[in-house]
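Enquirer: sequence plus the predicted model coming up.
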Amino acid sequence: MLARLDSTTPLPRRLAEHHRAQMFVGAALARAGLKDSARHVLVAARGGRDVDPEQELLSLEAFARTLLGERDQAIDLLKRYVAANPTHSFQRGGDIFWWWRELRKDPRFAQLERAKP
């Protein structure tokens, strides 16, 4: 499916979308319990600012790391993501996406939240 996505994605977006799709493959492998494979794919899916200028891949990897039970890595990745995108911080008392349900139990998640306006 990853190859199919690559073949249908317009050239200017192909590299970025390939990395994004790889992150989802890593998440699927994590969900299936294939931890070593998931970790390998996640590392390969990382992209620099040339591929991912807004650092969106950090949040996708954080989700996959959550599925792997790797809370420390997930929190660290989300800290980097929020530092790169301050307006994307999580709103305290707001609707927080289901991906982060497990992380919300971690007291460090509060450091990623901003006050509700």
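Expert: Thanks, I have the structure now.
Enquirer: could you name the helices and strands sitting against the longest helix anywhere in the chain?
Expert: Using DSSP state H, we find that the single longest helix of the chain is helix 11-31. Applying 3 or more C-beta pairs under 8 Å, 6 or more residues apart in numbering; DSSP states H and E, we find helix 11-31 packed against helix 2-8, helix 35-45, helix 56-67. C-betas here are computed from N, CA, C, even on glycine.
Enquirer: go through these and pick out the most buried.
Expert: Highest mean neighbour count of these: helix 56-67, a mean of 23 (counted as mean count of other C-beta atoms under 10 Å).
Enquirer: residues contacting the nearest residue to H18 once chain neighbours are set aside?
Expert: What sits nearest to H18 in space, not counting adjacent residues and going by C-beta to C-beta, 6 or more residues apart in numbering, is D6, at 5.6 Å. Applying C-beta atoms under 8 Å, 6 or more residues apart in numbering, we find D6 in contact with R14, E17, H18, A21.
Enquirer: can you check the pLDDT for the second one?
Expert: As summarised for this prediction, E17 has a pLDDT of 91.
Enquirer: now it: how far from R46?
Expert: Separation of E17 from R46 (C-beta to C-beta, to the nearest Å): 15 Å.
Enquirer: check contacts around the nearest residue in space to I96 that is not next to it in sequence.
Expert: Of all residues not flanking I96 in the chain, F90 sits nearest, at 5.5 Å (C-beta to C-beta, 6+ apart). F90 makes contact with V82, I96, W100, F109, L112, E113, R114, according to C-beta under 8 Å, 6+ apart.
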